[in-house]
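**Student:** dropping a prediction and its sequence here:
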Amino acid sequence: MSRALPFLLVGIVLAIWETAAQSGRWSPLLFPSLTRIANELILFFTNSATLLEAWVSLTRALGGFALAAAVGILLGLLMGRSKLVAGLLDPLFSGTYAVPKLALFPIFIFVFGIGSLAKVALVFLECLYPIVIMTYAGARIVNRTLLWSAQNMGASRAAILRRVVIPATAPFIFAGFRVAVPVAMIVVVITEMVASADGLGYLVIYALSSLRTDRMLAVVVVIAALGYALDKAVVLARDRLIYWEKLDTYYV
Amino acid sequence: MRFALSVFILLFSINALAAGPLIRLGRGFAAEEQLWLMTARPDLTPNQGKRYELKQILFQANPERFQAYLAGELDAGTAPGLAIIFGRAQGMDFKIVAGVCQEAAGGQYFTTVYMVKDDGPIKTIKDLKGGTIGVVGIRTATDLWARAGLLNAGLAPDRDTKVVPMAFPVIGDAVRTGKVSAGVFVEPFYSAEMAKGGLRKLFTATEVLGYDHELLDIFFSEKFLKAHPDAVRAFLADYVAVTKYYLGNTAQAKTDLHKAGFVRTPLPAYLKTSDWKRDPNARVDVGSLKKLSQFMLDKLQWLEKPVNVDGMVDLSYLPR
C-alpha cells in the first residue's frame, strides 16, 4: 500500500489536470490536455533528433557534476581536516554561496564561448557548493574515537584518511550529490534556454516561441524524468557503497 | 448616510461609464515610440480617459505576452507580424488592427543590421559556413532574417551555421571577441556599436527578404473588438494622431519619452538614432505579411499549414 501511495498522488494530480483541461475554461494553447502532452511525448521518444538533444543536455549536466564532485570532495575533505584550509576557504564559500551564479553566465560565455564549455563550467560552479559544504561538514565531525583507535593501531595519515575519514564522510558526500544532481539539470536547462542552439532548454524555448505549450510540457516531463533517474542512480550508488549506513528516516 | 452612499455609487458609475472601457495593452521595449507617447503625453490623446482607458503593461518577449493574453489578462498588444502569424496558426483569436513600424529599404529609415568583425575573414554570407549567428530569440524576426540570409547564400541554417539566441547588449562584444561570427543589431545598440568601431555590415533584414515588410503591429482580441468597437475606434484615432505628431515632432517626442522613462538610452544618443518606417495612418502592408507567412511555411517549415492572412487583419477600425 505504502509503495502505491506516490503513484496514487500522481494519479490524483493528473486527473485534476485532465478534468481542468477538458472543462474548456482555459485555452488549450495555455493548458493542454494530457492526451496532447502524451502525443508530444511519443513524438519526442520516436525522433532521434530530439533524443540527441536530451543526450546533449545529459552529458553537459553530468560533465559539470563529475568535475564538481572531484573538486568538491577534495576541497571539502581538506577543509574538514585542516584548520588552515578551512580558514582560507570557508569565508569564500560561505560568502558567495547565496550569489546566483546564473547571473554570471554572460561572463562565462565570454570566457568559455557560447558552446558546451560555458554551460559545463556553470554547472560545475553551481554543483560545487553543496558538495563542498556537505563534505566539509562530514569530514569535521568524524568520530574521534575512531580516529584515535586508528592512530593507536599505528595507521598512517593516508591510511586514516582512506580507511576512516572518507568512509565516515561518505554519507555526507552522497547527501551533497543528491542536492547537486537536480541543480545540474536545472542549470543546464536554463543556460540552454538563454543561449544555445541545442539541448533540452533549447527545445523548451523553441516550443514556447511556437506557442506549443503541449510540446514544451512534454520536454518538461522528460527533464523531470531525467532528474528523477539521476537521483535514483545516486541513491542506488549510495546504498551499494555505504551499505552500513541507514540514511533514510523511516516512520513507524 | 444611505443617501450619501447611493449618490457616491451613482457618481462613481457615471464616471466609470464616461471613461469607457479599460484597454489592457501588452507592449514591448523597442520601436513602439508612438504607442508609448500615448501614455507619456496623454494631452495628445483627446479620447483617452473619456471613451477608453489605457493601461500599458511591459513584456520582455512575445511568448510571455501571448501567455498573458491567453490567460485573459490582456485585451490588446503589440507583436511582430510573424509572431501574430504563429498565434493565428495555433488558433489564437486576435486581429491586427494597425501597424506600428516596418522594415523598409532606403537611407532615411533604419532596417535591422547583421554585422561582423571589421578585420575578420567573413566578407559574404557564404563565409558564415561553420560559424554562428547571434539573434535575440528563437523563432523571432531576427531569427527569420538570419535564416533567410543563410538560405539565400545556399547555406542550411543549423547544419551549416548555428543560430543562437543572445541579449542585444552583449552581441557587440560577442562579435568582436569572435564568440559568434555575426550578430544582429537594432537601434540604439547599432549606433552605439558603430561609434565603438570594429564592426561592419554584412546584410540587412530588407536585403535578405527583398521587400519592405511589417515589423510590429497592434492586435486586439476579437472578443474585445466585438464588445467595444467604439472604444477601439477612439483608441486608434488617438493612436494615428499621436503617430502624426511623432513623425512631425520627432525630437520633442523622443525628449518627452526619455523624460517619462520609456527610454534609458542617453538622450543625445537617442536623438541621433535613425528610425524605422512608420506609416502616418498606421496602415498595415498586408501583402508583406502574406509573403512572410508563405516564407515561414515553404522555406522555414515554421508553420504546419497555411495561415489566412486576410482573415487576421482588420483595418476597418482605423480612421477613414
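**Tutor:** Looks like it came in fine.

**Student:** for chain A, what lies in contact range of chain B?
**Tutor:** Those residues of chain A that sit near chain B, judged by C-beta under 8 Å from any C-beta of the partner chain, are A:26-27, A:29-30, A:106, A:109-110, A:113-114, A:194-197, A:202, A:205-206, A:208-212. For the C-beta atoms, the positions are set from N, CA and C on the backbone; glycine is no exception.

**Student:** could you give me the ChimeraX syntax to select whichever of the residues you listed are buried?
**Tutor:** Selection of buried members from these for ChimeraX, criterion 16 or more other C-beta atoms under 10 Å in any protein chain shown:
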select /A:27,29,30,106,109,113,114,194,195,196,197,202,205,206,208,209,210,211,212
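
**Student:** give me the residue at the spatial middle of chain B.
**Tutor:** Nearest to the geometric centre of chain B sits B:Leu216, at 3.3 Å (C-alpha atoms, centre = their mean).

**Student:** now name the helix or strand holding it.
**Tutor:** Per DSSP states H and E, B:Leu216 falls inside strand B:213-221.

**Student:** which single residue of chain A approaches chain B most closely?
**Tutor:** When scored by C-beta to the nearest C-beta, chain A has A:Ser209 as its residue closest to chain B, at 3.7 Å.

**Student:** residues contacting the nearest residue to that residue once chain neighbours are set aside?
**Tutor:** Counting by C-beta to C-beta, 6 or more residues apart in numbering or on different chains, A:Ser209 lies nearest to B:Arg139, which is 3.7 Å off, once chain neighbours are set aside. Neighbour list for B:Arg139: A:206, A:209-210, B:86, B:302 [criterion: C-beta atoms under 8 Å, 6 or more residues apart in numbering or on different chains].

**Student:** which bits of chain B sit near chain A?
**Tutor:** Applying C-beta under 8 Å from any C-beta, we find that chain B lies next to chain A at B:62-63, B:66-67, B:70-71, B:86-87, B:90-92, B:132, B:134, B:137-140, B:158, B:162-167, B:170, B:173-174, B:177, B:179-180, B:302.

**Student:** for PyMOL, what selects the buried ones among the residues you listed?
**Tutor:** Per 16+ other C-beta under 10 Å, the buried members of those correspond to this PyMOL selection:
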select buried, chain B and resi 62+63+66+67+70+86+87+90+92+132+134+137+138+139+140+162+163+164+165+166+170+173+174+179+180+302
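
**Student:** inside helices: which ones of the residues of chain B next to chain A?
**Tutor:** Mapping the residues of chain B next to chain A onto helices (DSSP state H) picks out B:62-63, B:66-67, B:70, B:86-87, B:170, B:173-174.

**Student:** quick one, phi/psi of the closest residue in space to B:Glu103 that isn't next to it in sequence?
**Tutor:** The shortest distance from B:Glu103 to any non-neighbouring residue, by C-beta to C-beta, 6+ apart, is to B:Ala205 (4.5 Å). Main-chain dihedrals, B:Ala205, degrees, to the nearest 10: phi -60, psi -40.

**Student:** relative to A:Ala139, how far out is whatever residue of the stretch 1-150 of chain B ends up closest to chain A?
**Tutor:** Nearest residue of the stretch 1-150 of chain B to chain A, counting by C-beta to the nearest C-beta: B:Arg139, 3.7 Å away. Here the criterion is C-beta to C-beta, to the nearest Å. By it, B:Arg139 lies 49 Å from A:Ala139.

**Student:** also B:Ala141?
**Tutor:** Where A:Ala139 is concerned, B:Ala141 sits at a distance of 55 Å (C-beta to C-beta).

**Student:** residues of the helix or strand containing A:Leu92 that come out buried?
**Tutor:** Using DSSP H and E, A:Leu92 sits in helix A:83-96. Residues of helix A:83-96 classed as buried by neighbour count (16+ other C-beta under 10 Å): A:86, A:89, A:93.

**Student:** which residues sit in contact with the closest residue to the last one other than its chain neighbours?
**Tutor:** Spelled out, it's A:Phe93. Nearest residue to A:Phe93 in three dimensions, chain neighbours excluded: A:Val132, at 5.9 Å (C-beta to C-beta, 6+ apart). A:Val132 makes contact with A:72, A:75-76, A:79, A:89, A:93, A:176, according to C-beta under 8 Å, 6+ apart.

**Student:** mind running it again at 10 Å?
**Tutor:** Shown in contact with A:Val132 (C-beta atoms under 10 Å, 6 or more residues apart in numbering or on different chains): A:68, A:71-80, A:89-90, A:92-93, A:97, A:176, A:180.

**Student:** quick one: average pLDDT of the helix holding A:Leu92?
**Tutor:** For helix A:83-96, mean pLDDT rounds to 95.

**Student:** stretch A:40-53 too?
**Tutor:** On average, the pLDDT along stretch A:40-53 is 97.

**Student:** how about it: buried residues?
**Tutor:** Here stretch A:40-53 shows A:40-41, A:44, A:50, A:53 as buried, counting by 16+ other C-beta under 10 Å.

**Student:** before we move on, what about stretch B:108-119?
**Tutor:** For stretch B:108-119, the neighbour count (16+ other C-beta under 10 Å) marks B:109-117 as buried.

**Student:** quick one on the thing from earlier: make CSV from the ones in helices among the residues of chain B next to chain A and add pLDDT to it.
**Tutor:** Listed next are these as CSV, based on pLDDT from 0 to 100:
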residue, pLDDT
B:Asn62, 88
B:Pro63, 88
B:Phe66, 94
B:Gln67, 92
B:Leu70, 92
B:Phe86, 93
B:Gly87, 93
B:Val170, 88
B:Asp173, 91
B:Ala174, 92
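
**Student:** which members of these are the farthest-apart pair?
**Tutor:** Farthest-apart pair in those is B:Leu70 and B:Asp173; separation 36.4 Å (C-beta to C-beta).

**Student:** what about A:Ala175, distance to A:Ala69?
**Tutor:** Separation of A:Ala175 from A:Ala69 (C-beta to C-beta) stands at 13 Å.

**Student:** where along the stretch 51-200 of chain A do the helices fall?
**Tutor:** Taking DSSP state H, counting those that start in this stretch as the test, the helices found in the stretch 51-200 of chain A are A:83-96, A:105-112, A:116-140, A:144-152, A:157-160, A:166-194, A:200-209.

**Student:** can you flag the weakest of these by average pLDDT?
**Tutor:** Lowest mean pLDDT within the helices of the stretch 51-200 of chain A: helix A:105-112, a mean of 90.

**Student:** quick check: angle from it to helix A:116-140?
**Tutor:** In terms of direction (axes from the mean of the first three to the mean of the last three C-alpha atoms, to 10 degrees), helix A:105-112 departs from helix A:116-140 by 110 degrees.
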